[in-house]
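Sequence below, structure please.
(one chain, ligands or ions: 2)
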Amino acid sequence: MNVDALDGRLLFAIPKKGRLYEKCIDMLSGADIQFRRHNRLDVCLVMNHPIALVFLPASDIPSFVGNGNVDLGITGHDVILEANMQDKVTEIQRLGFGKCALQVQVPEGGPIKSVQELAGKRVVTSFEVLAGAYFDNIDSEMQLTGDNKTKIQYVGGSVEAACSLGLADGIVDLVESGDTMRAAGLHAIATVLDTEAVLIKSSVPKHAHHTPLIGLITSRIAGVVAANRYVVCQYNISRNQLSAATNITPGRRAPTISPLEEENWVAVSSMIEKKAAATIMDELVKVGAKDIMIFNLDNCRV
Ligand SMILES: Nc1ncnc2c1ncn2[C@@H]1O[C@H](COP(=O)(O)OP(=O)(O)OP(=O)(O)O)[C@@H](O)[C@H]1O
Ligand SMILES: O=P(O)(O)OC[C@H]1O[C@H](OP(=O)(O)OP(=O)(O)O)[C@H](O)[C@@H]1O
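Ligands and ions are numbered 1, 2, ... in the order given. Coordinates of the predicted model:
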C-alpha cells in the first residue's frame with residue numbers, strides 16, 4: 001500500500017490475533033466501519049470513513065496509542081497497566097468483552113494456601129510488571145528484603161505449566177472460565193486485577209482535526225456495547241399491579257407505558273440487562289404480568 005494513502009486518515013489499532021480479535025471485528029461491523037483485509041495485511045483502509053485500521057499485537061497497542069503513532073485503539077485494560085501506559089492513554093469506553101481476572105494461582109492440595117505463604121518464593125508470569133508491583137506490596141507488608149523477596153520470572157506463554165515443571169511455586173495468569181487453571185491442577189488464592197477490553201485514545205492527541213471523528217466512532221461503539229448489554233422487555237399488566245411491575249423493570253430512564261384496548265390493562269416496555277432477563281421474567285410472572293416478551297437489539301444509541 002502507498003504510504004500517501006494513509007495521509008490525513010485516523011489510525012485505529014486492532015489486535016491482530018488472539019482472544020480479542022474476533023470480538024473487535026464484530027464491534028467494527030456493528031459500528032458500520034467497512035473494510036476488506038487483503039492477504040492478512042496489517043494496515044487496511046476503511047471504505048466509508050477516513051480511517052485506516054492497523055492490526056497490531058494487543059500488547060503493543062498501548063504504547064502506539066500513548067505515543068501518538070496511532071489515534072485510537074482497542075486492547076485489554078490489563079495490557080495498558082502492564083505496558084505502564086495508564087498516564088499516556090485515556091480509556092474512553094469499556095467494551096463488555098475480553099472479561100477475565102489476573103489471579104495468583106498455586107497447586108491444588110499443595111502446602112501454599114495464601115499469598116503471604118507464597119511471598120518470598122518463585123512466581124512465574126507473563127505479567128511481570130503487574131505481578132512485580134503486587135508482590136512488592138506483599139513483600140514490604142511482610143518485611144521481606146534482598147534475597148528473601150518474591151522472585152518473579154517472566155515467561156511468554158503456557159504459564160500454567162510452570163508449577164508442574166518445577167519452575168515455580170505459584171503463577172500469576174489470566175482466568176476466564178477457569179478451565180486452563182483446573183486442567184493444570186491449580187487454584188486461585190488472590191485476584192490482582194479484573195480486566196476487560198477497552199477503547200483507548202492518546203491522552204495528548206497529536207491530530208486535533210480527528211476529534212470529531214473520534215467522537216463519532218466512540219458514540220457508535222457505545223451503541224454497539226449497549227445493544228450487546230441490554231434487551232427490550234415488553235409485557236402486559238393490570239393497572240393495580242403496575243407499580244410492582246415497574247419496580248422490577250424501571251428502565252434506563254423510565255418505562256414506556258401504553259394503554260391496551262382492554263380496560264384496566266397496560267403494556268409496559270423497558271430496557272433491561274440481558275444477563276438479568278430470566279430472573280426479571282420470573283419476578284414479573286409473580287406480580288401477574290402476562291405475555292412477557294424479550295427483544296434483542298440490533299443496534300442502539302442511548
Ligand atoms: N481467557 C480469556 N478470556 C477473556 N479475555 C482474555 C483471555 N485471555 C486473554 N484475554 C484478554 O486478551 C488479551 C490478549 O490476550 P491473548 O492471550 O489473546 O494475547 P495475544 O496478543 O494473542 O498474545 P499471545 O497469543 O502471543 O499470547 C489479554 O491481555 C486479556 O486482556
Ligand atoms: O480460564 P480460561 O477460560 O481457561 O482462560 C484462561 C487462559 O486464556 C489465556 O490464554 P490463551 O488461551 O489465550 O492462550 P495463551 O496461553 O497462548 O495466551 C490465559 O493466559 C489462560 O491460559
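
Now do the contacts for I25.
I25 is in contact with I14, counting by C-beta atoms under 8 Å, 6 or more residues apart in numbering. For the C-beta atoms, the positions are set from N, CA and C on the backbone; glycine is no exception.

pLDDT value on the residue in the stretch 51-200 of the chain positioned nearest to ligand 1, please?
Proximity to ligand 1, evaluated over the stretch 51-200 of the chain using C-beta to the nearest ligand atom, is greatest for G76 at 2.2 Å. Confidence at G76, expressed as pLDDT, is 98.

hey, what's it bridged with?
A197 (DSSP bridges).

neighbours of it, just the number please.
Look at G76: counted by other C-beta atoms under 10 Å, it has 27 neighbours.

Sketch out the helices for the stretch 201-302 of the chain, chain order is fine.
Secondary structure of the stretch 201-302 of the chain (DSSP state H, counting those that start in this stretch): helices at 211-229, 242-248, 277-286.

Need those helices in JSON lines (columns: distance to ligand 1 and mean pLDDT).
Compiled in JSON lines, the helices of the stretch 201-302 of the chain are given as follows (distance: least, C-beta to the nearest ligand atom, whole Å; pLDDT from 0 to 100):
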{"stretch": "helix 211-229", "distance to ligand 1": "15", "mean pLDDT": "96"}
{"stretch": "helix 242-248", "distance to ligand 1": "31", "mean pLDDT": "98"}
{"stretch": "helix 277-286", "distance to ligand 1": "23", "mean pLDDT": "98"}
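
Reformat those as CSV; add distance to ligand 2 and mean neighbour count.
Shown next, in CSV, are these (distance: least, C-beta to the nearest ligand atom, whole Å; neighbours: other C-beta atoms under 10 Å):
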stretch, distance to ligand 2, mean neighbour count
helix 211-229, 19, 17
helix 242-248, 33, 17
helix 277-286, 23, 15
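
could you dump the ones you listed to a markdown table with distance to N236?
Formatted as a markdown table, the helices of the stretch 201-302 of the chain follow (distance: least, C-beta to C-beta, whole Å):
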| stretch | distance to N236 |
| --- | --- |
| helix 211-229 | 25 |
| helix 242-248 | 10 |
| helix 277-286 | 10 |
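
circling back: from P62, how far out is the residue of the stretch 51-200 of the chain closest to ligand 1?
9 Å (C-beta to C-beta, to the nearest Å).

Give me the most central residue, the protein.
E196 (2.3 Å; C-alpha atoms, centre = their mean).

what's the first-to-last distance across stretch 64-78?
16 Å (C-alpha to C-alpha, to the nearest Å).

That one close to ligand 2?
No: contact of stretch 64-78 with ligand 2 (C-beta under 6 Å from any ligand atom) is absent, the minimum separation being 10.5 Å.

for that stretch, which positions count as buried?
64-66, 68-78 (16 or more other C-beta atoms under 10 Å).

Inside strands: which ones of these?
72-76 (DSSP state E).

Same list (those) but as TSV, adding distance to G170.
Formatted as TSV, these follow (distance: C-beta to C-beta, whole Å):
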residue	distance to G170
L72	37
G73	32
I74	31
T75	26
G76	22
